[in-house]
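Asker: Have a look at this fold, sequence not included:
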Ligand SMILES: NC(=O)C1=CN([C@@H]2O[C@H](COP(=O)(O)OP(=O)(O)OC[C@H]3O[C@@H](n4cnc5c(N)ncnc54)[C@H](OP(=O)(O)O)[C@@H]3O)[C@@H](O)[C@H]2O)C=CC1
Ligand SMILES: O=C(O)[C@H](O)CS(=O)(=O)O
């Protein structure tokens, strides 16, 4: 491995790792030997120096992907999928080391980081099978002497841009269907979390992917690499996961040559608790959805709406459960809330809490930076929250649970839909009629019905409105990496 297989678990005096880029089957330094630093959010210590690639190097990686794509697509699906499966197997085999690397660069508590590795591998396992079932059609012709055959062929070279909050799974959720379908990939991870991506490249090389099939560009300059990805005509598809504002920039940049796009963008998930809900189940669902990754996921419950008859009971149960949230360094036993990724994240959380309190909300739990300092923030419960507060309109991306109250089902659905986002939503009820009415009325790509943790490789993850385009996971996720072509055969 180009980065040590095992990271010093205590990170107290890390030997600075070296991360390099990987394209055309070679490990590469940044242009001119330039590197950028990676720090551990818990300690603030530099843990790695990583190749800082230029746009020219991104172009070279795209050339390599383009040169390799036709032969990669020409393999049998079973041959491609065997390598996709092997990468998934290697990830599971190295889950402890990969989890440590992820915890070290992003701060996610080790157990949760290791869980992400298993989740990331599940996409490779899933598409190692789906890739063998890319079926076409025959269609009864509309004229005598003709036949119609529908083919599905890989899009070609795919560029991938991913965020820091799931630095393993957001990459595999893209490269698994792309590679299985016969595309080749150039991937750029976030500058905060390049090490997990580097480890994927190391294991991809071990899994036997030919040179140029999977390429990794590490860089501190998102925009210059992004512009190359968006403007280079050899790239036929851009797949992006991140904020809506950046997704909008990339969509504009890809419009010149009409690239195919998949956009997994921001969210503002409502979590509705009706008075007929199993309250204990609703509390467990809210805890899982809200505090996973310290609230730094695009599908976290961002607004919690509780019907008036159960509001006090729900709030009290939440306070009780939040006692079990322990903040600290993710490498320490028993820690389930790690540091936020950086100080910008802390400032945004603080802005939302202060705004809510200034407008009349009350703090029932937490509400301040943790005594550990740095980017640690105390899990927080707010009551008396209203739609006029920032937490109602913006994604907090931190461990803050704002409780809103409502009277009627119609009011809850109206408030839940009152956003430009449409990724994930949740509600708890034991009334089957209500469950069907509310599930159909919510304007979201994902609806958790009595389920706070719906994410899985077997389902089509994605949003509507300004939460994005396309789906990742499930049988639907591979379609985004295929072109549909039909043959019209005459003279028969
Ligand atoms: N729908 C989904 O599945 C997910 C959505 N998100 C959303 O992303 C946000 C948080 O993640 P965050 O990483 O901060 O999001 P950003 O959109 O800031 O960054 C996402 C990725 O895009 C890169 N990037 C930023 N600006 C540009 C640019 N101009 N051109 C090309 N690439 C660029 C970033 O690079 P760098 O970091 O190096 O600057 C990063 O790799 C939240 O809004 C969250 O909801 C996050 C995860 C999943
Ligand atoms: O980055 C994210 O927020 C992920 O999409 C969350 S999930 O896929 O793990 O639910």
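Answerer: Alright, I've got the coordinates. The shown structure was predicted, so the numbers you read here are calculated from the model rather than taken from an experiment. Numbering: from 1, shown residues only. Ligands and ions are numbered 1, 2, ... in the order given.
Asker: Got the phi and psi for the residue minimising distance to the centre of the chain?
Answerer: Residue closest to the mean C-alpha point of the chain, counted by Cα atoms, centre = their mean, is residue 170 at 4.2 Å. Phi and psi for residue 170, reported as degrees, to the nearest 10, are phi -70, psi -20.
Asker: Not counting sequence-adjacent ones, nearest residue to it?
Answerer: Closest residue to residue 170 apart from its sequence neighbours, by Cβ to Cβ, 6 or more residues apart in numbering: residue 162 at 4.2 Å. In this view, the C-beta of every residue, glycine as well, is placed from N, C-alpha and C.
Asker: Now do the same contact list for that neighbour.
Answerer: Counting by Cβ atoms under 8 Å, 6 or more residues apart in numbering, residue 162 touches 170, 171, 174, 187, 188, 189, 190, 197, 240, 241, 242.
Asker: picking up where we left off before, surely the residue nearest to the centre of the chain and residue 262 touch.
Answerer: No - counting by Cβ atoms under 8 Å, residue 170 stays clear of residue 262, with 11.7 Å between them.
Asker: Flag every residue of the stretch 151-300 of the chain that's near ligand 2.
Answerer: Residues of the stretch 151-300 of the chain that fall close to ligand 2, judged by Cβ under 6 Å from any ligand atom: 165, 166, 170, 297, 298, 299.
Asker: one more time with 8 Å
Answerer: Residues of the stretch 151-300 of the chain that fall close to ligand 2, judged by Cβ under 8 Å from any ligand atom: 163, 165-166, 169-170, 173, 241, 264, 267, 292-293, 296-300.
Asker: okay but residue 62 is in contact with residue 230, surely?
Answerer: No - judged on Cβ under 8 Å, residue 62 makes no contact with residue 230 at a distance of 11.3 Å.
Asker: Show me where the stretch 251-400 of the chain has its helices.
Answerer: Along the stretch 251-400 of the chain, counting by DSSP state H, counting those that start in this stretch, helices occupy 279-291, 311-322, 343-358, 390-393.
Asker: Can you say which of the ones you listed is nearest to ligand 1?
Answerer: Ligand 1 lies closest to helix 343-358 among the helices of the stretch 251-400 of the chain, at 8.4 Å (Cβ to the nearest ligand atom).
Asker: re the thing from before, I'd like to know which of the contacts of residue 162 are part of helices.
Answerer: Judged by DSSP state H, the contacts of residue 162 include 170, 171, 174, 197 as members of helices.
Asker: any chance of these in CSV, plus distance to residue 322?
Answerer: Listed next are the ones in helices among the contacts of residue 162 as CSV, based on distance: Cβ to Cβ, whole Å:
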residue, distance to residue 322
170, 28
171, 32
174, 34
197, 33
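Asker: just the residues you listed: which has the poorest pLDDT?
Answerer: Ranked by pLDDT, these bottom out at residue 197, which scores 95.
Asker: In contact with that residue, which residues?
Answerer: By Cβ under 8 Å, 6+ apart, the contact set of residue 197 is 162, 167, 168, 171, 187, 189, 216, 218.
Asker: Which of those sits closest to residue 467?
Answerer: Distance to residue 467 across the contacts of residue 197 (Cβ to Cβ) is lowest for residue 162, with 16.3 Å.
Asker: gap between the closest one and ligand 1?
Answerer: 6 Å (Cβ to the nearest ligand atom, to the nearest Å).
Asker: per-residue pLDDT, that residue?
Answerer: Looking at residue 162, its pLDDT stands at 98.
Asker: Quick one: end-to-end length of stretch 179-194, please.
Answerer: Chord length of stretch 179-194, first to last residue, is 20 Å (Cα to Cα, to the nearest Å).
Asker: now swap in stretch 316-330 and tell me
Answerer: Rule used - Cα to Cα; the end-to-end distance of stretch 316-330 is 28 Å.
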